[in-house]
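A.B. asks: Structure for the following, please:
(2 chains)
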Amino acid sequence: MNLIACHGNRFFGAIRSSNGDLMKGTTLNPFNITKAVDFSDQEINDYWVDISSGSGFTGMAKPTSPMPMLILGGKGSGKTHLMRYFSYPLQRIRYGQDVLAGIKKDRYIGVYLRCSSLNSPRFREKGQKEEMWEEVFAYYMELWLSQLMLSTVMSAVGGTSELEDREGDIVKELSDLIHLHQQTPPATLSGINALLRDLQRELDGAVNNSAITRTLPVHIAVTRGDLVFGIPRAIEANVSSLRGCLFLYLMDEFENLSEVQQKYVNTLLRDRKSPCSFKIGARMYGIRTLSTYSADEDNKEGSEFEVLRLDAILRENQNYEEFAKRLIAKRLAEFNRIQSGPAMLDANAKSLSECFEEPAKSEFSASETGYVIKKYSGRERPYFKDLREHLERGLKAKAAPGMRQTTDIEKIVQWLKCPNYPVLEKANIFFLYQDWRSKRNLLEAARKIADECDSYLNGRGKGSRYEEGLLHWKADLLAQLCRDTDQPQRYVGFSTFVEISSGLPRNLLIVLKHIFAWATFNGERPFQGTPISMRSQQAGVSEASEWFYQDAKMIGREGQLVMDGINRLGTLFRGIRFSEKPSECSCSSFSSDVSKSSETARRVLDLAEKWSLLIGVGDQPDRNTDRIDRKYQLNRMLAPRWDLSIYRRGVLALTPRELDAVFDPQHVKEFDKLAETRVARMRAPFFGHAPRVSGDMMGNLTLYGDQDHD
Amino acid sequence: MEPLMRSLKAKIKTLNETIWESRAREPAITEWLDNFAHSSGAGPDEMVHALFLLSNFMYFGDREIRGLLKALYRDVYRYPIIESIRRGHHDTLDSGLIDQHYKAQLRATRFLGVGNPSESGCHLLYYFRQENHLPKDLFIHTHQIFTRRGGAGSMELRDTDVTRYIFIDDFCGSGKQGTEYSQDLVEDVKKLKPEAFVAYYVLFATARGINKVKDETKFDSARTIYELDSSFKCFSAESRYFRKALPEIDPAFCERMCKLYGDKMVASKHALGYDDSQLLIGFHHNTPDNTLPVIWFDEPDRLPWKPIFRRYPKLEW
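C.D. replies: Alright, predicted model coming up:
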């Protein structure tokens, strides 16, 4: 039973205009909100789903560990969601009135902040020296962090008798840390907070006006680190409810700070004092420096901090699909305001796959490819038309072994036909191209392939080249079939969307958002009974991929270099996939000895990885040597843009020269020629060899004649 | 052809979600495309040409119409009055003085709809009043312009304090209605009060239509917010719809197709829209008959046809 389908009524709440039925119902999309910053604290809580892996996200993020942590991940990996989940407002929602007991149980209290709120670019230039701005920024952070910590603590323990009893001592301890000149020290914690607020406001005024006044009249009233560490120390020592708790600063969007500003925060990490710790959330490219003000020493991973690479972990986690299902089931349940306990949530999650139409399993993909028979009834199928053309050209150029006359073409075509099973016809043609490339007699090859096909059809092909080859190449053959017949590529089914998301939950939400919109446009009722059609899924995935591509575009020259490189790579992969005899199956990955490519190529490649356009997927031993090359896959969200496979199978080995041609603008002029040479070896009728008959433009073997990657 | 169909549908989907108020979802589009069944004699590519036309359709929804009504009041009515007040007071910037004079002018204005009370021109007055926060006593019916206090045969202006009569309409295609109103009403007003300012303000107008009203009527002013020049005429030489050539789209084929179907729907001279307007435009409240009939025609007795942006016809008894 499809449980999800029973609950979807809320989606179709119609919005009527004052003109009655002229305005058709506007459907609410449950996947519209994809960014955690757009969620309220309550929504973060309501939509929260843990991963059933070890101790879940708590086990990964270790909020009770005193060791600071960098939480790194691409856009949409869930960093903000995770960090906000550990923050005090969410603890408050989880534990309600018993928040103190909850904090004691958690053994931490979280203070969440976004570095983007600082508007950090204002802390530079304007006629002031950099060393001045370093001090001013550090002071500003001290005031800001202190207020956040103090407000949080006051919210947690405010009004309790233990705070009342000890407030005086705490206030005295904190007042001693603030250099107040002649001012009367505050008598309460609220007073301290108000004082800090006033100091910050005064500092804001000075900083904001410095561009105009060209002065920076600042009196620094707190030594850096004194309050950041001092407040938690004073509270922990005096308030027994919080004794033994870790005071956790959760700093998100770290990439918004400049190198100098990050240096200050790095220093806090290095000079960390109990009972404080830090979780720093940043994009993959977001860490500009690890250096500190402590004798300019660098913080080291494993020593001063540990790293959680969130999307990499999710991508490789075998429970990611299950987590993704529960995430979506939870989203749907919350959107419909249906209470769902864990058992119901799990049941809903399991039934999620049924909400999406997938091709019916059939022998030899008959139902999946049945449209070909109907569409080309009474006319030749396009792949046979192409084969004829290749055979004609090959015959004319004396590059079709075993063929002597044009009547041989018809014989070959007839042998390769298997009208009821288009995918087997594609396979037959593929095997012929394989044999052609190996310069085998085409007539004999075609006859043999026909026999092999017949055996396979009759269940006698176990372990044969035919069966093995079909298993290996089927996905590519089906993709080619779609392309040959002007059909969109089939990226359908929930598991496919999970793969496409590449460990970034937001990508999954975006894919579903677009699919939902297409299904609604197509007059379907998604998650309301009938599965979402394949055409809605295809259109949605295609649109999501385009969105991802546009969203990933970076500003500036470097950004343009990266996008140009990705475009060239995608084009190359597509050329390979849709050639007559691809060298790699389901090719969407490449390997290369990066050390030998140009510095620019390495830099652009590095950026592409940091911006999650390429995913580093480990190392690949080179086939011909003992060398270990770096391996990358094109982000699966981009695969639909070039009609590529989302699965990682064949890996294209690129030479340093080819890598430069892809990623280094100085070598871009060589790209077309190198790519053409590479792909020419996979194209009929010449497969990269020079034609014997002049006048044919194909297949000049230049650089790679001795490098046969078959 | 199929990639183009897909990309056109993607464009239409975006339009549907953002501007078209979800008026044209895929099932309705499929039903409409099924009208084009190659039987018109115009060839097998009718569907892609029809979809191409649909992807260029200009729909003005409730929000847009309300925005235009605000613009009409502000830019066409109010600002010229403010300008003249300022000029008459040595380019004053005294907002109190300007406001005082403006309110006096407004009180002496009456707004009327074009057409009978059930037609769209009058229908718009409600939103015009709402959006511009105007008092309802500034709005009258055409019969309230005059009075026969002196008995049958005598006609006077009902309110001699009124100095401006503003006629508001949604669409001016040929200019026919504006011309009729000039003959029926404006000339009489002018006879009784030559100095009265009588204006025709319309949201959308073809260049030809508004120029006809300007040149051939007694209106002191005829203005539009959104002028449709010859580039909006679908199959004209200047047509904006075929500027970017797509290999699969043949403008001549498209025109032939629309004409062949249009001939079965309406009188031949209007087969591509009333008075050969050849427009691709529709509104929240209706689709004008100046738009290609293949878009809006809905008279099953005459020809079985599923419209995509239906026109609610003005039935006349």
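A.B. asks: if I pick the residue lying closest to A:E358 once chain neighbours are set aside, what's in contact with it?
C.D. replies: Nearest non-adjacent residue to A:E358, counting by Cβ to Cβ, 6 or more residues apart in numbering or on different chains: A:G493, 4.6 Å away. Every C-beta, even on glycine, is put in place using the N, C-alpha and C of the backbone. By Cβ atoms under 8 Å, 6 or more residues apart in numbering or on different chains, the contact set of A:G493 is A:S353, A:F356, A:E358, A:Q537.
A.B. asks: Name the SS class of the last one, please.
C.D. replies: Put plainly, it is A:Q537. helix (DSSP: H, G, I helix; E, B strand; the rest coil).
A.B. asks: Would you mind naming the helix or strand containing the nearest residue to A:V136 once chain neighbours are set aside?
C.D. replies: Counting by Cβ to Cβ, 6+ apart, A:V136 lies nearest to A:V218, which is 5.7 Å off, once chain neighbours are set aside. Take DSSP states H and E as the rule and A:V218 turns out to sit in neither a helix nor a strand.
A.B. asks: Okay, B:L292 and chain A: tell me how far apart.
C.D. replies: Plainly put, B:L292 is 20 Å away from chain A if you go by Cβ to the nearest Cβ, to the nearest Å.
A.B. asks: Just the pLDDT at that residue, thanks.
C.D. replies: Per-residue confidence at B:L292 stands at 97 (pLDDT).
A.B. asks: who's in contact with it?
C.D. replies: B:L53, B:C234, B:C258, B:G262, B:L272, B:G273, B:Q278, B:L279, B:L280.
A.B. asks: Try it again at 10 Å.
C.D. replies: B:50, B:53, B:57, B:234-235, B:254-255, B:258-259, B:261-262, B:265, B:271-273, B:277-281 (Cβ atoms under 10 Å, 6 or more residues apart in numbering or on different chains).
A.B. asks: how would you label residue 180: helix, strand or coil?
C.D. replies: Here I'm looking at chain A. Classified using three-state DSSP, A:L180 is coil.
A.B. asks: What parts of chain B come near chain A?
C.D. replies: B:1-3, B:5-6, B:9-10, B:12-14, B:16-17, B:20-30, B:61-63, B:123, B:126-127, B:283-286, B:310, B:312 (Cβ under 10 Å from any Cβ of the partner chain).
A.B. asks: of all of chain A, which residue lies closest to chain B?
C.D. replies: Closest approach of chain A to chain B (Cβ to the nearest Cβ) occurs at A:G523, with a separation of 3.7 Å.
A.B. asks: for the stretch 201-317 of chain B, what spans make up the strands?
C.D. replies: B:221-228, B:281-283 (DSSP state E, counting those that start in this stretch).
A.B. asks: now swap in the stretch 301-450 of chain A and tell me
C.D. replies: A:306-309.
A.B. asks: show me where pLDDT drops low in it?
C.D. replies: A:337-340 (pLDDT under 70).
A.B. asks: Recalculate using a threshold of 80.
C.D. replies: Scanning the stretch 301-450 of chain A for pLDDT under 80 picks out A:336-346.
A.B. asks: one step back: and the residue nearest to A:E358, what's its pLDDT?
C.D. replies: 95.
A.B. asks: Get me the contact residues on the stretch 451-600 of chain A for chain B.
C.D. replies: A:485-488, A:517-524, A:535-536, A:538-539, A:542-543, A:546.
A.B. asks: Just the buried residues of those residues.
C.D. replies: Buried by 16 or more other Cβ atoms under 10 Å in any protein chain shown: A:485, A:487-488, A:517-522, A:524, A:535-536, A:538-539, A:542-543, A:546, out of those.
A.B. asks: quick one: which of those residues sit in helices?
C.D. replies: A:A517, A:W518, A:A519, A:T520, A:F521, A:R535, A:S536, A:Q538, A:A539, A:S542, A:E543, A:E546 (DSSP state H).
A.B. asks: ok, which stretches of the stretch 1-150 of chain B are helices?
C.D. replies: Secondary structure of the stretch 1-150 of chain B by DSSP state H, counting those that start in this stretch: the helices cover B:2-18, B:26-33, B:46-55, B:62-71, B:79-88, B:95-107, B:120-131.
A.B. asks: List the buried residues of the first one.
C.D. replies: The reference is to helix B:2-18. So helix B:2-18, judged by 16+ other Cβ under 10 Å, has buried residues B:M5, B:R6, B:L8, B:K9, B:A10, B:I12, B:K13, B:L15, B:N16, B:E17.
A.B. asks: on that earlier part again, please work out which of the strands of the stretch 201-317 of chain B is packed deepest.
C.D. replies: With neighbours defined as mean count of other Cβ atoms under 10 Å in any protein chain shown, these peak in mean count at strand B:281-283, which reaches a mean of 24.
A.B. asks: Which elements pack onto that strand?
C.D. replies: strand B:58-60, helix B:62-71, strand B:164-172, strand B:197-206, helix B:293-296 (3 or more Cβ pairs under 10 Å, 6 or more residues apart in numbering or on different chains; DSSP states H and E).
A.B. asks: chain center to the second one, what's the gap?
C.D. replies: If I follow you right, that is helix B:62-71. 12 Å (Cα atoms, centre = their mean, to the nearest Å).
A.B. asks: Give the residue spans of the chain that score low on pLDDT.
C.D. replies: Let's take chain A. In chain A, residues with pLDDT under 80: A:1-27, A:36, A:180-183, A:336-346, A:553-555, A:619-628, A:690-710.
A.B. asks: meant chain B actually
C.D. replies: For chain B, the ranges with pLDDT under 80 are B:1-2, B:37-44, B:115-123, B:148-154, B:313-317.
A.B. asks: In it, what residue lies closest to chain A?
C.D. replies: B:P27 (3.7 Å).
A.B. asks: Mind checking which residue lies nearest the centre of chain A?
C.D. replies: Centroid-nearest residue in chain A: A:L504, 4.4 Å away (criterion: Cα atoms, centre = their mean).
A.B. asks: mind listing what the closest residue to that one other than its chain neighbours touches?
C.D. replies: In space, and not counting its chain neighbours, A:L504 is closest to A:G76: 4.3 Å by Cβ to Cβ, 6+ apart. Taking Cβ under 10 Å, 6+ apart as the criterion, A:G76 is in contact with A:34-36, A:311, A:501-510, A:548, A:551, A:612, A:637.
A.B. asks: What backbone torsions are found at A:G76?
C.D. replies: phi 90, psi 10 (degrees, to the nearest 10).
A.B. asks: Also A:G54?
C.D. replies: According to degrees, to the nearest 10, A:G54 has phi 60, psi -130.
A.B. asks: is the residue nearest the centre of chain B in a bridge, and if so with what?
C.D. replies: The residue lying closest to the centre of chain B (Cα atoms, centre = their mean) is B:F171, at 1.9 Å. Beta-bridge partners recorded for B:F171 (DSSP bridges): B:F204.
A.B. asks: mind listing what it touches?
C.D. replies: Counted by Cβ under 10 Å, 6+ apart, B:F171 has contacts B:114, B:120-121, B:177, B:202-206, B:209, B:224, B:226, B:228, B:279, B:281, B:283, B:286-291.
A.B. asks: Much appreciated, bye for now.
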